[in-house]
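> structure of the sequence below:
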Amino acid sequence: MPATHHRTSPNRAASRPSRPFTLWREVLTAYAAPALMAGTAGVVTGQQDLAVAACTSIAGTSAVVAFLVGTWLRHGGRPRRWTTTTPTVALTAVLVISAAGAAALLGWFTAQWLPAHTPIPATPWLERLGIDLPVSAALATAIVTLRWRSTTTTASRRRPPRHRAPRPRARARARPSPPPGRTRRRESHQGVSTQ
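Predicted coordinates for the structure are as follows:
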């Protein structure tokens, strides 16, 4: 028997529906992906602090940011109009800068201010927060925003165009015919004037 090769045509690949945006799945992916990648890198390179941070500050920040950004974008199932009309690159850039800036401030406060003003000692894990938090927040925000935006654009493309029913044309109102008494008077007046 001749071997048959199943090739996926570009039309079939394009017609496949994209996976819908599910918040809990995005949060789970946002935690698992950096935890596995950074944790593996820490174990391979022998950096114990990186292996610990992979499952705590890096993955935890990524999951929290993914939840917050995803919830804000969904807006209870009714996304804000400007988040769907703004170009994807511009929307992603604005959200990434905002999330990374807030995470950088939180990382600086935790790593620098707390050890200087509280009895909490400065540890290598705390010092990593100044880098781990903004990087994790930026990556999680970019991924969640792009995923959400891809599902909203495909959903809007699938919606059938609304066909407006043609408005009925206003019929010209027929002028009411004058009562028979008036027409007789007009005819009599016209006859008198012609004479």
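> ok, now how distant is Arg80 from Ile97?
Using C-beta to C-beta, to the nearest Å, we find Arg80 at a distance of 18 Å from Ile97. Any C-beta I mention is one placed from the backbone N, CA and C, and that applies to glycine too.
> check Val144 too.
Val144 is 15 Å from Ile97, by C-beta to C-beta.
> equivalent analysis for Thr61, please.
Relative to Ile97, Thr61 is positioned 16 Å away (criterion: C-beta to C-beta).
> who's more crowded, these two?
Thr61 (27 against 12; other C-beta atoms under 10 Å).
> top helix in the protein by residue count?
helix 124-158 (DSSP state H).
> buried residues in it, which are they?
125-130, 132-145, 147-149, 151-152 (16 or more other C-beta atoms under 10 Å).
> contacting residues around Gly42?
Counting by C-beta atoms under 8 Å, 6 or more residues apart in numbering, Gly42 makes contact with Gln48, Asp49, Leu50, Ala51, Val52, Ala53, Ala54.
> Leu36 now?
Contacts of Leu36 by C-beta under 8 Å, 6+ apart are Ala54.
> sorry, back to before: highest neighbour count among the contacts of Gly42?
Ala53 (26 neighbours).
> not counting sequence-adjacent ones, nearest residue to that residue?
Leaving aside its chain neighbours, Ala53 sits nearest to Arg128 (5.3 Å; criterion: C-beta to C-beta, 6 or more residues apart in numbering).
> columns secondary structure and pLDDT on top of the contacts of Gly42, output as a markdown table?
Formatted as a markdown table, these follow (DSSP: H, G, I helix; E, B strand; the rest coil; pLDDT from 0 to 100):
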| residue | secondary structure | pLDDT |
| --- | --- | --- |
| Gln48 | helix | 88 |
| Asp49 | helix | 87 |
| Leu50 | helix | 89 |
| Ala51 | helix | 90 |
| Val52 | helix | 90 |
| Ala53 | helix | 90 |
| Ala54 | helix | 92 |
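> where does the protein have low pLDDT?
1-18, 153-195 (pLDDT under 70).
> the helices in it, which residues?
Going by DSSP H, the chain shows helices at 10-15, 23-45, 48-53, 59-74, 81-85, 88-108, 114-117, 124-158, 180-194.
> run a quick neighbour tally on Gly77.
5.
> nope, Ile120 is what I meant
With other C-beta under 10 Å as criterion, Ile120 counts 11.
> what of Ala59?
Neighbour tally, Ala59, other C-beta under 10 Å: 24.
> same question, Leu91
Other residues close to Leu91 by other C-beta under 10 Å number 19.
> is it in contact with Arg80, as I believe?
No: with contact defined as C-beta atoms under 8 Å, Leu91 does not count as touching Arg80 (10.5 Å).
> so who does the residue nearest to Ala53 touch?
Asp49, Leu50, Ala53, Ser57, Ala111.
> roughly how far does the second one sit from Leu105?
Going from Leu50 to Leu105 by C-beta to C-beta gives 23 Å.
> spatially nearest residue to Leu73 (excluding sequence neighbours)?
Trp148 (4.8 Å).
> what sits against that neighbour?
Contacts of Trp148 (C-beta under 8 Å, 6+ apart): Phe21, Gly70, Leu73, Arg74.
> I'm done for today, thanks for sticking with me.
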